[in-house]
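Asks: Sequence and computational prediction follow.
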Amino acid sequence: MTQMDEKKKILKEVGFVYVGSILFCVFLGILRFFIPFLRNNLSFFFAVLFIYLPIIVLRRQRRSPSDYGISFDRLSKAFKWLGIVIIVVFPLYIIGNHLWQVAIVGAHLNIRPQNFLRWPAELESESVIRDDITRGKGFHLAVFQEHLILAWRDIDEKGLIIDLKVEHAGQPHSSLTDIKGFQEQPQKHFISSHTEDVLELKIFPGDSSRIIIPFLDVDQFQLSLIDFDGQKSEVPVFMGEYYLESHDNPIEYRRSIGWLLMLLLVQIVMIGLPEELFYRGYIQGRLNDYYRKNWKIGTLEIKPSIVLASILFALGHLAVVPSPERLAVFFPSLLFGWMKEKTGNIVAPLIFHGLCNVLSIILAKQYFI
C-alpha cells in the first residue's frame, strides 16, 4: 500500500468513526425526549460509545491503543505537567470569568458557605419544566434551580394535609410566603396557613396541582403528610428525576457538600475520560499518522492534529446541543491536545478537562444577578 493510499484509508476511517459517533449521539439526544430512562442516563451511553468504539477500531487495525496515548503509563510526567498547567491557567480563568460576570453579565460576586451545599441527588430534577412531574396518583417533591416543587394528582378520599417546616441558613432572602402556582394561577385555596418558616397545605380528595417555593437560603426541611382524620397519610410519595418512592413520614433533608466529590468523579470518569480518549487519543493520534509534518506560520510550528481534533471537538458539542456558545470549547481543546502531546498520554488532559468543568460549575454558583 502506497503512502497516499494509507493516508486516504486514515481519513476514511477517522471520518467514518467521527460522523457515525456524532450521528448516533444526535439520534440518542432525540430519543431522550420519548424515553425517560435514556434521558436520565444519556451521559452513560455517550461515555460507553466514546470509550469502546476507538479501542475496537484500533484493534481491528492491529494497532495498540497505548501507541496513541490511551494508557496510564508515565504518570509522573503527566502529573508534573498537570500541576504546571493548573497553576498557570486556573488563576487566569478565575480572573477572566470574574470580569465577564461583572462587566458583561452584570452579576455580582457573593461567596458564602451555602453556595457549596446542595440537596441530595435523589431530590434533584431537570424534567419539571418539560414534563408533568407526577406519573400517576400520589405526591411528588423535587428541587429544581433553588426551588422546591410540590405536585400532587388525584389525592384519595381521605384528603391530604402537608406540613412543611424549613430552617434557613442565616438571614433568609426568601420565605414560605413567596409561593407561586406552576403553569397556572396561584392556588391560594390550597394554603391553609403559612409563615416565613412553616407552610400548611390542605389538599382535598381528587385535587391535582403543583406549586413552587423559593429555596435559595433553606438549609434543611421537614415534610409531614397526614390525612383529614389526623393519621399519617398512605399517599405514595415520589422524589426527584427518578421518581424514587419514599417510605418516610415525616421526610427530612438537609444540604451537604458531598455533591462536590460526586461531581468531580462524574466529570473525570464520565466526561473527561471518554472525550479525551476519543478526541485526543484516537482522533488526534490518527491525524498524527496522517500529518507527518507540522504547519509553519512564520517561526511558529503548529501540530495540525491538535487544531483539527479541536475543531471536531467543538463541532461535536454543537451537534449535540445546537448553540453557538458550544463552539467556545475549541480553545480549551487546544490546551488539552498540547498536554497530550507533551506527556505522551491522555492522563493529564482527561483530569484537567474534568477539573475545568468542576471549576466552571463552582464559579457559576458564586455569582448572582
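Replies: Great, that's in hand.

Asks: Can you tell me, leaving aside adjacent residues, what's nearest to residue 291?
Replies: Closest residue in space to residue 291, ignoring its immediate chain neighbours: residue 304 at 4.5 Å, by CB to CB, 6 or more residues apart in numbering. Any C-beta I mention is one placed from the backbone N, CA and C, and that applies to glycine too.

Asks: Please verify my assumption that the one you found contacts residue 296.
Replies: No. Assessed by CB atoms under 8 Å, residue 304 is found out of contact with residue 296, at 10.7 Å.

Asks: Show the contacting residues for residue 116.
Replies: Neighbouring residues of residue 116 by CB atoms under 8 Å, 6 or more residues apart in numbering: 257, 260, 362, 365.

Asks: Let me see the contact set for the second one.
Replies: Counting by CB under 8 Å, 6+ apart, residue 260 makes contact with 116, 358, 362.

Asks: Count the residues that sit near residue 152.
Replies: Here the count is done by other CB atoms under 10 Å, and residue 152 has 23 residues near it.

Asks: go on, residue 146?
Replies: Around residue 146 there are 15 residues (other CB under 10 Å).

Asks: Just the pLDDT for it.
Replies: Confidence at residue 146, expressed as pLDDT, is 79.

Asks: can I assume it is in contact with residue 213?
Replies: No. Assessed by CB under 8 Å, residue 146 is found out of contact with residue 213, at 10.1 Å.

Asks: Just the buried positions in the host helix or strand of residue 150, please.
Replies: Element membership for residue 150, per DSSP states H and E: strand 147-153. Residues 147, 148, 149, 150, 151, 152, 153 are the ones in strand 147-153 that count as buried (16 or more other CB atoms under 10 Å).

Asks: Give me the below-cutoff pLDDT ranges for the stretch 251-369 of the chain.
Replies: Low-confidence segments of the stretch 251-369 of the chain (pLDDT under 70): none present.

Asks: Check the spacing between residue 302 and residue 29 real quick.
Replies: From residue 302 across to residue 29, the span is 33 Å (CB to CB, to the nearest Å).

Asks: Between those two, tell me which one has more neighbours.
Replies: Higher neighbour count among residue 302 and residue 29: residue 29, with 17 against 12, using other CB under 10 Å.

Asks: how many other residues sit next to the closest residue to the more buried one other than its chain neighbours?
Replies: Nearest residue to residue 29, sequence neighbours excluded (CB to CB, 6+ apart): residue 320, at 5.7 Å. Residue 320 has 15 neighbours, counted by other CB under 10 Å.

Asks: Quick check: phi and psi at residue 320.
Replies: Taking degrees, to the nearest 10, you get phi -80, psi -40 for the backbone angles of residue 320.

Asks: OK, contacts around it?
Replies: Residues in contact with residue 320 (CB under 8 Å, 6+ apart) are 22, 25, 26, 29.

Asks: in terms of contact, does the third one touch residue 321 like I think?
Replies: No. The pair residue 26 / residue 321 is not scored as a contact, 10.2 Å apart, by CB under 8 Å.

Asks: In terms of neighbours, single out the busier of the two.
Replies: Neighbours per residue (other CB under 10 Å) separate residue 26 from residue 321, with residue 26 holding more: 14 against 9.

Asks: which residue packs closest to the more buried one, ignoring adjacent ones?
Replies: residue 319 (5.7 Å).

Asks: helix, strand or coil for the one you found?
Replies: helix (DSSP: H, G, I helix; E, B strand; the rest coil).

Asks: okay, now it: neighbour count?
Replies: 16.

Asks: now residue 14: how far from residue 288?
Replies: Between residue 14 and residue 288 the computed distance is 11 Å (CB to CB).

Asks: no, scratch that, I was asking about residue 305
Replies: Taking CB to CB, one finds residue 305 at 5 Å from residue 288.

Asks: residue ranges for the helices of the protein, please.
Replies: Remark: helices assigned in the chain by DSSP state H are 3-31, 36-40, 42-60, 75-99, 259-266, 273-275, 284-290, 304-320, 330-343, 347-364.

Asks: Just name the most buried of those.
Replies: Ranked by mean neighbour count, the helices of the chain are led by helix 273-275 with a mean of 23 (mean count of other CB atoms under 10 Å).

Asks: rewinding a little: using pLDDT, spot the least trustworthy of the contacts of residue 320.
Replies: Within the contacts of residue 320, residue 29 has the lowest pLDDT, namely 85.
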